[in-house]
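>>> Next one to model:
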Amino acid sequence: MGKLVITKEENHIISALFEEDILTELSVEPIEEKKLLGNIYTGKVQNIVKNINAAFIEVEKGLLCYYSLDTNQEHIFLNGKKKKELQQGDEILVQVCREAMKTKAPSVTSNINLTGKYLVITAMNPTIGVSGKIEDSLVRKHLKDLVAPYKGEHTGMIVRTNAQDADDSAIIKEAMILEEQMETLLKKASYLSCFSLVSKAPSGYLMDIRDLRERNLNEIITDDKELYDEIFQYLMIYQPMDLKKLKFHENEMVSLNQVYSISHNLKKALSEKVWLKSGGYLIIQQTEAMVVIDVNTGKSIGKRKSQDHFLKINLEAAKEIAHQLRLRNLSGIILVDFIDMEKEESRYKLMKELERLLKEDRIKTSLIDMTKLNLIEITRKKVKKPLHEQAAFLKDQLEISLS
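Next up, the predicted model:
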């Protein structure tokens, strides 16, 4: 079972998820930083770049966002236009689907959606989908049939993984709420002026609460009264079944940061080197284009150099790599250089185990293949910034290099 610890440290909020007393996810949210992910805007097309088949949409004065014309072939026009072709000066409804990362602008989409605990309602795709992580065909059919009567004529629904743990009545209630919210949002957007914020997404720590599976979370604890009140209000409206899990840490002598060694764990999670119990270690490096992870024998090489020993280190490394991807929120293309193994049987065993471990990630993560150079390629969906970018402003406080 899991415990979500949410605390304030100076000018930031830290969310730390512990599963079976092991820290598995970390998020850092500057209190003063303006959050864009999930926000819905009335934007204006400022430029169309044909050679990359994309447009740049201004959602606030001076804030341009990338808009792919490959993935966004239909648009929600707000200036009375009926034609499908997008032109400079058009006003359209968009939602931020990816935060700015380093030199890349935020990305927006026309696939407007509202996310609940169990369902996602979409404005542009009038179909019903079910999370791929729900594998039982009978459960999938039941959930599709359950929400079908509550889907609007022009909206779609996606059943989230969380739904397989929920009562039917809770799913139906959320479907009705989301349908009403989407209808209200679209009407509101039609009369707002350009560059308006139509809908603001919840804070990051509230999204962490929303996105966790009910059965994987048995306690939410904070030591900040303001945070406690905000979480209480959110749960009361959207997740009343989880109110009993919310706890307030009242010991003023010892903070949650001290109890759970959060700053220490954050410092470790930003370090380039990760030691394994066997004496081997990982080197994790984030480049502009990808994440590169190198598995090294380290201190364990003095024990023995057998192929079985290399397999043992690689299997241990696979488990730690799956853990580090979640902990650091690493995404995009990830290349892993495991210790070379001569036996095809050993390579197959490593690939199958790594594939199993990656399936446990709640963010879509795929094992692609092993290259001719024996590098293993993984992809992980980009949603929010990786931990080292989230925590870049803590460089001086943690006294570490975040380069």
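
>>> could you pull out the strands for the stretch 101-250 of the chain?
107-109, 113-115, 119-122, 128-130, 156-159, 197-199, 219-222, 246-248 (DSSP state E, counting those that start in this stretch).

>>> right, so of the ones you listed, which gets closest to residue 233?
Closest to residue 233 of the strands of the stretch 101-250 of the chain is strand 246-248 (Cβ to Cβ; 10.8 Å). Where C-beta positions appear, they are placed from N, C-alpha and C, glycine not excepted.

>>> what ranges of this structure fall below the confidence cut-off?
Applying pLDDT under 70 to the chain flags the ranges 81-82, 300-305, 393-403.

>>> Who are the contact partners of residue 355?
residue 367 (Cβ atoms under 8 Å, 6 or more residues apart in numbering).

>>> Distance of it relative to residue 377?
12 Å (Cβ to Cβ, to the nearest Å).

>>> Show me which helix runs longest in the protein.
helix 168-191 (DSSP state H).

>>> picking that back up, tabulate the strands of the stretch 101-250 of the chain (CSV), appending mean neighbour count and distance to residue 65.
Listed next are the strands of the stretch 101-250 of the chain as CSV, based on neighbours: other Cβ atoms under 10 Å; distance: least, Cβ to Cβ, whole Å:
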stretch, mean neighbour count, distance to residue 65
strand 107-109, 23, 4
strand 113-115, 20, 16
strand 119-122, 23, 19
strand 128-130, 18, 25
strand 156-159, 22, 23
strand 197-199, 16, 13
strand 219-222, 21, 33
strand 246-248, 16, 35
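
>>> Out of those, the one nearest residue 5 is which?
strand 219-222 (5.6 Å).

>>> Count the residues that sit near residue 348.
When neighbours are counted by other Cβ atoms under 10 Å, residue 348 registers 11.

>>> Now do the same for it: helix, strand or coil?
Three-state assignment for residue 348 (DSSP: H, G, I helix; E, B strand; the rest coil): helix.

>>> what's the following helix or strand after the helix or strand that contains residue 264?
Counting by DSSP states H and E, the element that carries residue 264 is helix 262-269. Where DSSP H and E defines the elements, the next helix or strand beyond helix 262-269 is strand 273-275.

>>> residues making contact with that following strand?
With Cβ under 8 Å, 6+ apart as the criterion, strand 273-275 contacts 281, 282, 283, 284, 298, 320, 324.

>>> what residues are shared contacts of residue 355 and residue 377?
Shared contacts of residue 355 and residue 377, counting by Cβ under 8 Å, 6+ apart, come down to residue 367.

>>> If we ignore the residues flanking it in sequence, what's nearest residue 311?
Ranked by Cβ to Cβ, 6 or more residues apart in numbering and with sequence neighbours excluded, the top spatial neighbour of residue 311 is residue 346, at 4.6 Å.

>>> contacting residues around the spatially closest residue to residue 172 that is not a sequence neighbour?
Spatial nearest neighbour of residue 172, chain neighbours left out: residue 150 (6.4 Å); criterion: Cβ to Cβ, 6+ apart. With contacts defined as Cβ under 8 Å, 6+ apart, residue 150 is in contact with 157, 172, 175, 176, 179.

>>> Let me have the residues you listed in CSV, extended by distance to residue 78.
As requested, the contacts of residue 150 are exported to CSV (distance: Cβ to Cβ, whole Å):
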residue, distance to residue 78
157, 24
172, 32
175, 27
176, 27
179, 21
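
>>> Out of those, which end up buried?
Neighbour-count burial (16 or more other Cβ atoms under 10 Å) applied to those gives 157, 172, 175, 179.

>>> Relative to residue 186, how far out is the last one?
Relative to residue 186, residue 179 is positioned 11 Å away (Cβ to Cβ).

>>> which stretches of this protein form helices?
Counting by DSSP H, the helices of the chain are 137-147, 168-191, 204-211, 225-238, 256-259, 262-269, 307-328, 344-358, 387-390, 395-398.

>>> Buried residues in the third one, which are they?
Neighbour-count burial for helix 204-211, counted by 16+ other Cβ under 10 Å, picks out 204, 205, 206, 207, 208, 209, 210.

>>> what's the closest non-adjacent residue to the residue nearest the centre of the chain?
For the chain, the residue whose C-alpha lies nearest the mean C-alpha position (Cα atoms, centre = their mean) is residue 383; its distance is 4.8 Å. Excluding the flanking residues, the one nearest residue 383 by Cβ to Cβ, 6+ apart is residue 363, at 6.4 Å.
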